[in-house]
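> A predicted structure for the sequence below; I have some questions about it.
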Amino acid sequence: MRPGPLIIAFELILLDTGRASSTNQRRWTYPDWKADTVFKRQDGTGACPLPQEMSVTAPKATPFVPLSQPELDSIVKWLNSSSLGLNLSDPSSSTLAMSDNYINHIEILKPNKTDVTDYLSGSASSVPRFARVVINEGSAKVPGVVQYYVGPLPISDSTTMRPLDYFYNGPNGPKVLYSGGLYDAPRQRAVEAIVTTTMTSIADITLDLTGLAYYGSTDNRTNSVYFVQNPYSTDGTTGVTWLPWRRRAQNPWDQPSDLYVSFDIAGTDPSLYHLRMIVYNLVVYNSTDAFRAAWSAGEITKTPNPTTNDAFLNKARTGTVRDLEDRFAPTVLTIDGNRYRVDRANNYFTYMGWSFYTRFDKDTGIQFYDVRFKGESVLYELSLQDALVQYAGNNPFQAGTAYSDRFYGIGAQAVQPIPGYDCPYHATYLNATFNDGASLRTIQNAVCLFETDIGTPLTRHDVYGNWKQSTKSPKLVVRMIATLGNYDYIWDYGFVVDGSITLDTRASGYVQANYYRADDGGRWGPRIGETISGTMHTHVMNFKLDFDLVDTRNTFVKTDLVVENVTQPWYPERGVFETMRYAVHDVASEAEGRQLNLPPNGQSMYTVVNKDHLNAWGQPRGYRVQPGLSNVYLPSQNSPFLLRSGQHAKQAFAVSRQHDTEPASTAALSGNVPEAPLVEFWNFFADDEALVQEDLVVWANLGMHHYVRAEDLPNTLAAEAHASLMLAPQNWAMRGGENTRDLANAVLYNYTDTNAEGVVVPETNGVDVPGCLALGADDELLGVFEEQ
Ligand SMILES: *[C@@H]1O[C@H](CO)[C@@H](O)[C@H](O)[C@H]1NC(C)=O
Ligand SMILES: *[C@@H]1O[C@H](CO)[C@@H](O)[C@H](O)[C@H]1NC(C)=O
Ligand SMILES: *[C@@H]1O[C@H](CO)[C@@H](O)[C@H](O)[C@H]1NC(C)=O
Ligand SMILES: *[C@@H]1O[C@H](CO)[C@@H](O)[C@H](O)[C@H]1NC(C)=O
Ligand SMILES: *[C@@H]1O[C@H](CO)[C@@H](O)[C@H](O)[C@H]1NC(C)=O
Ligand SMILES: *[C@@H]1O[C@H](CO)[C@@H](O)[C@H](O)[C@H]1NC(C)=O
Ligand SMILES: *[C@@H]1O[C@H](CO)[C@@H](O)[C@H](O)[C@H]1NC(C)=O
Ligand SMILES: *[C@@H]1O[C@H](CO)[C@@H](O)[C@H](O)[C@H]1NC(C)=O
Ligand SMILES: [Cu+2]
């Protein structure tokens, strides 16, 4: 339940100029306030009503329904039936072994687009329900983690279980070989055992060299923690990881030592897990004996311990309060009731001509489907695919680290935003419900929706002495925040009243710092603390944009800005001179669509158009995919740590033909098998299919080359750590022209429209300032036309 501190919240945004009460003789009138609100007039200030949720009924019940708990239970029971012979162990057993077969995860199989569109268009009465089942097959001859689909549901005689090979095109199909598979409880226990034995045997040395010792996570002499580096395999046949040793304190990510220890963690037999190497002060030791011999001989040069003073990681307020900072900061408020509608049962939303369904995915969080503007189809799907981070550094941990946050479950790590801080007051909060393990799980209030504006007028113009106009720029924002270990990501999906869609991602949280070494010479980042430096790394987030502009037959057009030397007959005196023009061409097939990058100076424009639907001027109706801030991709194309698993992140854009067999650019369990991912993205393009007037998917990247700085501590500043992309109408409206002339939140002064005193009266289209909003003299509209 959100609080209703309306009076307080509201008074604080009133421009506190001292004018609000003294100039309360308003020179224009308000419409009568709605009787059913809690509005109470109080001399120019007062309580604005708490916005009420506005409902709508989805045209069709949502086709995206997670498996219910009874459905999950029936699937588990069916999978466990002896006739299937899966020999499943109970995954919650405390003695579960890596060499057991057990269910890791069951979720609703994402339905095929074909089935969803048939259903939404009315040509099918339902969408077939199948489950995606992930089974750890530890007792198989070749152990691995295998993806299946089970259905149709409900379970009946016709239900089957089949390998999910139509989804997964990698070298091993729907299977990840064991060593690159899960890092779940049985494997964690095996790793903990070998790490504890090894580190206990050298605890005296590590204590001397780093001030850190490890005797097991629950031993009270332990003052350090380790982290299992990703990726920990190549193609699933090997299992190698480096553990960075960090002080166990409020934020280990920023308290690393100069010690790294590597283990072989291949296979399902824990007795084969073993130490590979120790690195201290950049020197390699191949065994604990070699490490001890060097230490005993006094051959090891000690580097400083990670600092025990962790005050720099503390975010509690400190220092003198700035002038006027005792006041409540300006904020976004909804003072005249919500202007968007919600069908919670169906996760369906409408706003100012927009409509869409959402779905919540364990791997990637909120996704948007059947996105329409003024009733016309714009996108079938808009969804995050993954958030990668690749690091570098002169040590075995940073150099080999490449996170795929999908592996950890971006949706599963969504957090409830803090009202008034993470999302504006009056926001609408949505529960996120999804399948996790064999459960139906809900993260309460995980997503917020609110209306804000882009901060400037959407259009405005002055034709001196004639007319003057300004149009407000509202947009609906759907925001999800997920905390993935050290980092927080904030994803905003904005639906602007002009038909554009904004995508913004911001990062905050703790950076993963490097142990500071003067001899690094700043090549991987500046020193940012007593014993740490920032580590260079690149974030790349991949989005699926399945455009269906009007319908599914679309074309991706690349418009290059060409600079050339020409002569023109009316410039004989210039001779040959340099000028520019467009070179427009369709991206004809997937060979070209595979890697589209942004030329220097942004001299290419990308649009998706429907050539069969022309506007009044004969132009194909389209949307522009407009780069915003930081449309970066992975700088290294050949790093072994993302060799084939990171193909989706190796270009600014790619465009492929939509197929039910290519629903996603990545998969969660590809995270640790860079050489044998479940989805090999570039395979989508291998058949070089034609792309002109076909069903297209644009895969777009954005992110940041995180240029770590002292200001990343204690927590990264989201103002700078920001990346964006915009999808904007391009010759979209049938009649031509922009899409906002129907908006009433706009003002027009027309010199012909004057009052008895000859003052031009603004036309505000019946949308007037709510009576609860106090205004000052400078907020007066009348007279502005005359004040040139
Ligand atoms: C399957 O059945 C066996 C034997 O009845 C039981 O031990 C096991 O816990 C069951 N597994 C699951 C996943 O329910
Ligand atoms: C079933 O699994 C158990 C535990 O992993 C294993 O000991 C047993 O050999 C398996 N049985 C068959 C028939 O594979
Ligand atoms: C640590 O644990 C041991 C064994 O359980 C116990 O004897 C000792 O008192 C503990 N020390 C501290 C400082 O808690
Ligand atoms: C450690 O082993 C590697 C091969 O595994 C070898 O190349 C290297 O020389 C060894 N280092 C030492 C110090 O023995
Ligand atoms: C959201 O989830 C909470 C906790 O599961 C539940 O109490 C609440 O009723 C849910 N709200 C809606 C609108 O479904
Ligand atoms: C145009 O001609 C000038 C003079 O020859 C040359 O310097 C310039 O590079 C040319 N520009 C282009 C775009 O070819
Ligand atoms: C989805 O489409 C693919 C490709 O046509 C097909 O192989 C698969 O069986 C479909 N999935 C379901 C659940 O119907
Ligand atoms: C101003 O009003 C006149 C008279 O109604 C109208 O002809 C004209 O188009 C209006 N101008 C604008 C900019 O709307
Ligand atoms: Cu970063």
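Received the coordinates, thanks. Ligands and ions are numbered 1, 2, ... in the order given.
> burial of Asn601, as a residue count?
Residues near Asn601, counting by other CB atoms under 10 Å, number 8. Quick note: C-beta positions are derived from backbone N, CA and C, even for glycine.
> so it sits in a strand?
No. Using DSSP: H, G, I helix; E, B strand; the rest coil, the assignment for Asn601 is helix, not a strand.
> Report pLDDT for it.
On the pLDDT scale, Asn601 is placed at 95.
> any idea how far it is from Glu592?
Distance, Asn601 to Glu592, by CB to CB, to the nearest Å: 21 Å.
> how long is stretch 460-469 from one end to the other?
5 Å (CA to CA, to the nearest Å).
> Report the distance from the longest helix along the chain to the chain centre.
Criterion DSSP state H: the longest helix present in the chain is helix 185-201. Taking the mean of its C-alpha atoms, helix 185-201 sits 34 Å from the chain's own mean (CA atoms, centre = their mean, to the nearest Å).
> now swap in stretch 163-171 and tell me
Relative to its parent chain, stretch 163-171 has a centroid offset of 25 Å by CA atoms, centre = their mean.
> That one and ligand 7, are they touching?
Yes. Counting by CB under 6 Å from any ligand atom, ligand 7 is contacted by stretch 163-171 at Tyr166.
> Tell me the residue of the stretch 501-650 of the chain that sits nearest ligand 2?
At 29.2 Å from ligand 2, Ser645 is the closest residue in the stretch 501-650 of the chain, using CB to the nearest ligand atom.
> Could you do the stretch 401-550 of the chain as well?
Per CB to the nearest ligand atom, Ala438 is where the stretch 401-550 of the chain lies closest to ligand 2, at 18.5 Å.
> Run through the residues that contact that residue.
Taking CB atoms under 8 Å, 6 or more residues apart in numbering as the criterion, Ala438 is in contact with 72-73, 75-76, 91, 103, 105-106.
> Mind doing that once more with 6 Å?
Residues in contact with Ala438, defined by CB atoms under 6 Å, 6 or more residues apart in numbering, are 72, 76, 106.
> Please apply the same query to Asp462.
Lys468.
> Give me every residue in the protein that's in contact range of ligand 7.
For the chain, the residues in contact with ligand 7 (CB under 6 Å from any ligand atom) are 109, 112, 128, 130, 166, 660-661.
> and the least confident of these?
In terms of pLDDT, the lowest of the residues of the chain next to ligand 7 is Tyr166, showing 94.
> can you tell me how far the closest residue to that residue other than its chain neighbours sits from Pro154?
The shortest distance from Tyr166 to any non-neighbouring residue, by CB to CB, 6 or more residues apart in numbering, is to Thr661 (4.8 Å). With distances taken as CB to CB, Thr661 is found 25 Å from Pro154.
> Now the residue nearest the centre of the chain: which helix or strand?
The centre of the chain sits closest to Trp491, judged by CA atoms, centre = their mean, with a distance of 4.8 Å. Using DSSP states H and E, Trp491 sits within strand 487-496.
> C-terminal to that strand, which secondary structure element comes first?
Once strand 487-496 ends, the next helix or strand along the chain (criterion: DSSP H and E) is strand 501-509.
> Run the angle between that following strand and strand 487-496 for me.
160 degrees (axes from the mean of the first three to the mean of the last three CA atoms, to 10 degrees).
> Check the offset of strand 501-509 from the chain's centre.
That offset, for strand 501-509, works out to 7 Å (CA atoms, centre = their mean).
> And that strand, what does it pack against?
Secondary-structure packing of strand 501-509 (3 or more CB pairs under 6 Å, 6 or more residues apart in numbering; DSSP states H and E): strand 487-496, strand 722-730.
> Which positions within the first one qualify as buried?
Going back to what we said before, that points to strand 487-496. 487-496 (16 or more other CB atoms under 10 Å).
> May I see those organised as a markdown table, with pLDDT added?
Shown next, in a markdown table, are those (pLDDT from 0 to 100):
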| residue | pLDDT |
| --- | --- |
| Tyr487 | 94 |
| Asp488 | 97 |
| Tyr489 | 98 |
| Ile490 | 98 |
| Trp491 | 98 |
| Asp492 | 98 |
| Tyr493 | 98 |
| Gly494 | 98 |
| Phe495 | 98 |
| Val496 | 98 |
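> Those residues into TSV, with extra columns for distance to Leu207?
Formatted as TSV, those follow (distance: CB to CB, whole Å):
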residue	distance to Leu207
Tyr487	31
Asp488	34
Tyr489	37
Ile490	40
Trp491	43
Asp492	47
Tyr493	50
Gly494	52
Phe495	57
Val496	58
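> ok, back up a step: wait, a helix at the residue nearest to Tyr166?
No. Using three-state DSSP, the assignment for Thr661 is coil, not a helix.
> What score does Ala190 have for pLDDT?
Per-residue pLDDT puts Ala190 at 98.
> for Ala700, that is, sorry about that
What the model reports for Ala700 is a pLDDT of 98.
> That one and ligand 5: what is the separation?
For Ala700, the distance to ligand 5 equals 32 Å [CB to the nearest ligand atom, to the nearest Å].
> same thing with Glu720?
34 Å.
> And the nearest residue to that residue once chain neighbours are set aside, how close does it get to ligand 1?
Ranked by CB to CB, 6+ apart and with sequence neighbours excluded, the top spatial neighbour of Glu720 is Glu711, at 8.0 Å. Glu711 sits 49 Å away from ligand 1, going by CB to the nearest ligand atom.
> And for Ala513?
Taken as CB to the nearest ligand atom, the span from Ala513 to ligand 1 is 42 Å.
> which regions of the stretch 151-300 of the chain lie under the pLDDT threshold?
Across the stretch 151-300 of the chain, nothing is flagged by pLDDT under 70.
> same thing but 90
Where the stretch 151-300 of the chain drops to pLDDT under 90, the residues are 249-251.
> can you give me the helices for it?
For the stretch 151-300 of the chain, the helices defined by DSSP state H, counting those that start in this stretch occupy 185-201, 203-210, 288-296.
> hang on, isn't Leu96 packed against Asp184?
No. Using CB atoms under 6 Å, Leu96 makes no contact with Asp184, being 8.6 Å away.
> Give me the pLDDT value at Val332.
Per the predicted model, pLDDT is 93 at Val332.
> Against ligand 1, how distant is Val697?
Look at Val697 and ligand 1: by CB to the nearest ligand atom, they are 36 Å apart.
> What count of nearby residues applies to that residue?
When counting by other CB under 10 Å, one arrives at 25 neighbours for Val697.
> how near is the residue lying closest to Glu689 once chain neighbours are set aside to Asp695?
Closest residue to Glu689 apart from its sequence neighbours, by CB to CB, 6+ apart: Arg657 at 4.5 Å. The gap separating Arg657 from Asp695 is 7 Å, by CB to CB.
> With Ser670 instead?
Ser670 is 25 Å from Asp695, where distance means CB to CB.
> In the longest helix of the chain, which residues are buried?
Within helix 185-201, the residues that count as buried by 16+ other CB under 10 Å are 186-187, 190-191, 194-196, 198-200.
> Same question for stretch 150-162.
Buried positions in stretch 150-162, judged by neighbour count with 16+ other CB under 10 Å: 150-151, 153, 155, 159, 161.
> Reformat the contacts of Ala438 into TSV and put pLDDT, secondary structure and neighbour count next to each item.
Formatted as TSV, the contacts of Ala438 follow (pLDDT from 0 to 100; DSSP: H, G, I helix; E, B strand; the rest coil; neighbours: other CB atoms under 10 Å):
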residue	pLDDT	secondary structure	neighbour count
Leu72	98	helix	21
Val76	98	helix	16
Ile106	98	strand	24
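> Redo the residues you listed as CSV? Include distance to Phe547.
Below are those laid out as CSV (distance: CB to CB, whole Å):
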residue, distance to Phe547
Leu72, 34
Val76, 39
Ile106, 32
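> Let me know the closest of those residues to ligand 6.
Nearest to ligand 6 among these: Ile106, at 59.6 Å, using CB to the nearest ligand atom.
> Next up, the contacts around that closest one.
With contact set as CB under 6 Å, 6+ apart, Ile106 has these partners: 72, 75, 131, 133, 438.
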